[in-house]
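Participant: Structure for this input, please:
(4 chains)
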Protein chains: 4
Amino acid sequence: DAPFALIAGPCQMESREHAMMIAEKMVSITRELGIGYVFKASFDKANRTSLKGQRGIGLEGALPVFEEIKAKFGIPVLTDVHTEEQCEAVGKICDVLQIPAFLCRQTDLLIAAAKTGRVVNVKKGQFLAPWDMKNVLAKVTESGNGNVLLTERGASFGYNTLVSDMRALPIMAETGAPVIFDATHSVQQPGGQGGSSGGERRFVETLAKAAVAVGVAGVFIETHENPDAAPSDGPNMVPLDQMPALLERLVALDRLIKSWR
Amino acid sequence: DAPFALIAGPCQMESREHAMMIAEKMVSITRELGIGYVFKASFDKANRTSLKGQRGIGLEGALPVFEEIKAKFGIPVLTDVHTEEQCEAVGKICDVLQIPAFLCRQTDLLIAAAKTGRVVNVKKGQFLAPWDMKNVLAKVTESGNGNVLLTERGASFGYNTLVSDMRALPIMAETGAPVIFDATHSVQQPGGQGGSSGGERRFVETLAKAAVAVGVAGVFIETHENPDAAPSDGPNMVPLDQMPALLERLVALDRLIKSWR
Amino acid sequence: DAPFALIAGPCQMESREHAMMIAEKMVSITRELGIGYVFKASFDKANRTSLKGQRGIGLEGALPVFEEIKAKFGIPVLTDVHTEEQCEAVGKICDVLQIPAFLCRQTDLLIAAAKTGRVVNVKKGQFLAPWDMKNVLAKVTESGNGNVLLTERGASFGYNTLVSDMRALPIMAETGAPVIFDATHSVQQPGGQGGSSGGERRFVETLAKAAVAVGVAGVFIETHENPDAAPSDGPNMVPLDQMPALLERLVALDRLIKSWR
Amino acid sequence: DAPFALIAGPCQMESREHAMMIAEKMVSITRELGIGYVFKASFDKANRTSLKGQRGIGLEGALPVFEEIKAKFGIPVLTDVHTEEQCEAVGKICDVLQIPAFLCRQTDLLIAAAKTGRVVNVKKGQFLAPWDMKNVLAKVTESGNGNVLLTERGASFGYNTLVSDMRALPIMAETGAPVIFDATHSVQQPGGQGGSSGGERRFVETLAKAAVAVGVAGVFIETHENPDAAPSDGPNMVPLDQMPALLERLVALDRLIKSWR
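Facilitator: Numbering: from 1, shown residues only, chains lettered A, B, ... in the order given. Have a look, this model is predicted:
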């Protein structure tokens, strides 16, 4: 029943300067609101719709920046891993290793992430029922790591569309793992723009409010100072200057519903 | 931005005494909470899964009871209509005529309901996209009746399952019509028990909280003093004695989110 | 294991001349192919997307034409009914009363259709699992009429899209009722054109071949000499002059697979 | 318009003897039927529902067996790859590298498979629209490998259920790539048995017939002499002794529909 923590940052780590700028802003916003903050950025977008999509600055480029962010701001950092090999390197620096939704059933990746001893945040596959995440969770815990987060990010609903089933939040919470709601990818329209995925940013607030009212341990929101110019997930990211107002509302909702427990 | 109104009552009008008892309790609860209340009951369950399902006391039996409830408690009453013929008779007494989800595209029924001049509450079909409700709405308004409510009650999601897409609420609200969230039928499992429909009562609060946090004009909840003994929709109905606590929470959420406008 | 019968005709009965023309062509085509033929036309499109959609020539206009078609060609005729009242009148002339998919759970309509003693063809609702059609079937047979056809016409798959689950054909056949595949409405895109439904005619042959290869008692295909000028379902109808080639293929498939029993 | 080729074998390579036995039987069956045959087996089940699920004999154990099968029977062999590293080793021996559905958007894996110069068979993700496979295909062809197969294996349809959309076959064929229908995994019920996936073997023939009637370049069917004792996908596999009758029918359907081109 602690206040929700925020996982936020740009979709991609675009550069050291950009990452530091976003981290600084988000640290300041979340301190003011009194909520925990985890910086998030991807060093590689491994499943872009098209080969032409930009993939990011890579593992070697990103790790020193994560290190600097941790040192400078004293906050935990999260990034996603796509192969067993990446886990060890990422685990040396990052506090949370995130398993992408498409990869949530890849046993070796889950085990390799587990072995780092870091927190593992598994995104629920768009093809998976919420009650089946207990099997995914068990792959990590049975590998000796009990620090697992489960993230809802939408379920396949016909073609090129996701739907957020709010019942998934209490169902996954029954496992005992903290549950995160990813308000950014839940509004994605997979493949919806032909050569890239679309999204409906206007529903980020809608779905985030719904999820917080239901009750979550964390909220995941990608943000950018100019989303329409971002190299990936632009249609889903919240403009940085709109984050304070959005978060203020989510914090108020969270406080209210957690006062009832 | 007025507080949400509650549409509530038993699934079926079982008897005069039963209806009066529920109405009295709900009037008392909602007055205390300072929210509007519309009594709901069905006089006929016209699409039971099986012929063996009980269908209710019928139009002639129900109308005098609706009349008595209006007179005694000074509250509006709602019931659902299934044929054009019923509209006129129901329209003489009931304040709101509700169009069942399966029938939401039946033009003649919509027109007949519109012609009564009463408020028409159209439930969105489980097979319909939220943006297509503007066409349904137009059938009523173009028939000269601008008093239309649109109700979300879940969308087909594979077999025997519904999912509540919270984006549907703001999408339908763009039409200008007040939007209601039906937390009872949204947790239905259509045909899920072989000869009757199942449901998951435990998610009524989950989905109602989510919808209220997103913002609605009304909430629809069926209730019964002993749901497991009720002749229909038992698995989805909220026990009467749990309504005060549930509504208190929804009212608090509603106040909070409407304070932001 | 008899050859499949064809239910075909224009979506709407547009005029006596038009209906007679289509019937004559289809009688000639199906005689040549040696398959049974049932003429189909709707006298009223009761659930158009918009009030502006044309609804047809009405019951009084249509019944004499159905009578003339039966007399002239010696073939059975089918039309859809939307209210209990229509059943009796339609049942005096038409050989098959069809229950629209949206109405497949309306008990009184099913009973009224059953009481005519005519064959009742129930379309499976887009919101219904195939195994739940046994409950729908029972409503008719328990009303004293064992002549029931069950028709597959697509299941809701996200918004504005249907999907044809070929497993539904053997599942419904387990009830013992002859199963029809409606290749026209299965390619519909409900509400897909804003003010009207869209469709993808190019997939009629795809889905019809698949269904016939699985095994069906009948195939339902709407046809028109100029579909793009038709008042309804134009995007889904097969041009009349393409029917012989399409049916020839379906008949060959049907013969092959039925030779295995 | 060549006859369809069959990709078949056990889900897992259980042992050298077992693989040789299945290969021998299938070679004999397919030679008699005059269709091409590709032996399939997995050396590692990388995404079992549970850690307790058996994973297979591993890459080192499997490659010599594939080599022996190629040498002894003169047939191509197929296996699935899960990491970039595996591609090179597998590509030295196997004729077809298969990309699992969950991994169909992992760019590096697609590129690594492409670089081997071998045929790449990409299974369409359960979360992907058929028209979006052109982007997946382009990742391989733009990496210099034009030998790509696209496989349909079902789309997410609510929870724990897949549906086979037969329209996906012609849609994917428009890319120019040969299209395969996987009749085994299309009847899977993902996660449907709690700790493992279920399936409905009785629909393998239903869906395979439908797909062949629509038109495919290949059919994928897993088989086992005793499916209920198999370490994985047992509920979906066809008993080996039922393969001749099933394939005979599919070949007859295929010949018929390809005679029309």
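Participant: Residue A:8 in helix, strand or coil?
Facilitator: Reduced to three states with DSSP: H, G, I helix; E, B strand; the rest coil, the structure at residue A:8 is strand.
Participant: before we move on, which element is the spatially closest residue to it that is not a sequence neighbour in?
Facilitator: Once flanking residues are discounted, residue A:8 sits nearest to residue A:221: 5.0 Å by C-beta to C-beta, 6 or more residues apart in numbering or on different chains. C-betas here are computed from N, CA, C, even on glycine. Assigned by DSSP states H and E, residue A:221 belongs to strand A:218-224.
Participant: just checking, what packs against that strand?
Facilitator: strand A:5-9, helix A:16-33, strand A:37-40, strand A:179-182, helix A:204-214, strand A:238-239, helix A:243-258 (3 or more C-beta pairs under 8 Å, 6 or more residues apart in numbering or on different chains; DSSP states H and E).
Participant: How many neighbouring residues does the nearest residue to residue A:261 once chain neighbours are set aside have?
Facilitator: Counting by C-beta to C-beta, 6+ apart, residue A:261 lies nearest to residue A:1, which is 4.9 Å off, once chain neighbours are set aside. By other C-beta atoms under 10 Å in any protein chain shown, 10 other residues sit near residue A:1.
Participant: how close does the most centrally placed residue in chain A get to residue A:76?
Facilitator: Taking C-alpha atoms, centre = their mean, the centroid of chain A lies closest to residue A:220, which sits 4.6 Å from it. According to C-beta to C-beta, to the nearest Å, residue A:220 and residue A:76 sit 14 Å apart.
Participant: Okay, and residue A:191 sits in which element?
Facilitator: Judged by DSSP H and E, residue A:191 forms part of no helix or strand.
Participant: What is the neighbour count of residue A:51?
Facilitator: The burial count for residue A:51: 17, using other C-beta under 10 Å.
Participant: can you tell me which residues contact it?
Facilitator: With contacts defined as C-beta atoms under 8 Å, 6 or more residues apart in numbering or on different chains, residue A:51 is in contact with D:107, D:138, D:139, D:142, D:143.
Participant: ok, now how distant is it from residue D:105?
Facilitator: 11 Å.
Participant: Could you do residue A:50 as well?
Facilitator: For residue A:50 relative to residue D:105 (C-beta to C-beta), the value is 10 Å.
Participant: quick one, which of these two is more surrounded?
Facilitator: residue D:105 (25 against 15).
Participant: which parts of chain A sit against chain C?
Facilitator: A:157, A:158, A:159, A:161, A:163 (C-beta under 8 Å from any C-beta of the partner chain).
Participant: Can you sort out which of those also neighbour chain D?
Facilitator: Answer for the residues of chain A next to chain C near chain D (C-beta under 8 Å from any C-beta): residue A:159.
Participant: wouldn't residue A:135 be in contact with residue D:197 here?
Facilitator: No - applying C-beta atoms under 8 Å as the test, residue A:135 and residue D:197 come out as separate, 10.1 Å apart.
Participant: Quick check: neighbours shared by these two?
Facilitator: D:49, D:191.
Participant: How about the contacts made by residue A:84?
Facilitator: With C-beta under 8 Å, 6+ apart, residue A:84 has these contacts: A:108, A:109, A:111, A:112, D:83.
Participant: By neighbour count, which of those residues wins?
Facilitator: In the contacts of residue A:84, the most neighbours by other C-beta under 10 Å go to residue A:109, 27 neighbours.
Participant: Just the pLDDT at it, thanks.
Facilitator: Per-residue confidence (pLDDT) for residue A:109: 97.
Participant: got a list of contacts for the helix or strand hosting it?
Facilitator: Residue A:109 is part of helix A:107-115 when elements are defined by DSSP H and E. Residues from elsewhere that reach helix A:107-115, judged by C-beta under 8 Å, 6+ apart: A:81-84, A:87-88, A:91, A:97, A:99, A:103-104, A:120, A:122, A:136, A:139-141, A:143-145, D:46-48, D:51, D:55, D:82-83.
Participant: among those residues, which are in strands?
Facilitator: Those of the contacts of helix A:107-115 mapping onto strands are A:97, A:99, A:120, A:122, per DSSP state E.
Participant: tally of neighbours for the residue nearest to residue A:211 when sequence neighbours are not counted?
Facilitator: Take residue A:211 and drop its neighbours on the chain: the residue closest to it by C-beta to C-beta, 6+ apart is residue A:181, 3.6 Å away. Burial of residue A:181 is recorded as 28 neighbouring residues (other C-beta under 10 Å).
Participant: Contacts only, for residue A:181.
Facilitator: So residue A:181 contacts A:151, A:152, A:164, A:169, A:207, A:208, A:211, A:212, A:216, A:218, A:219, A:220 (C-beta under 8 Å, 6+ apart).
Participant: Alpha carbons of the helix or strand containing the first one, in CSV - could you do that?
Facilitator: When secondary structure is defined using DSSP H and E, the element that contains residue A:151 is strand A:148-152. What follows is strand A:148-152, C-alpha atoms only, in CSV (Å, rounded to 0.1, in the frame of the first residue of the first chain):
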residue,chain,number,x,y,z
VAL,A,148,10.0,-9.8,-9.9
LEU,A,149,7.7,-7.1,-11.2
LEU,A,150,4.8,-8.0,-13.6
THR,A,151,3.7,-5.4,-16.1
GLU,A,152,0.5,-5.1,-18.0
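Participant: you'd agree residue A:195 is up against residue A:48?
Facilitator: No - look at residue A:195 against residue A:48 with C-beta under 8 Å: they stay out of range, at 9.5 Å.
Participant: Please say which of the two ends up with more neighbours.
Facilitator: residue A:48 (21 against 15).
Participant: okay but the more buried one is in contact with residue A:233, surely?
Facilitator: No - Residue A:48 is not in contact with residue A:233 according to C-beta under 8 Å; the separation is 10.3 Å.
Participant: Tell me how far residue A:39 lies from chain B.
Facilitator: Using C-beta to the nearest C-beta, to the nearest Å, residue A:39 is found at 27 Å from chain B.
Participant: what is that residue paired to in the beta sheet?
Facilitator: Under DSSP bridges, the beta-bridge partners of residue A:39 are residue A:8, residue A:77.
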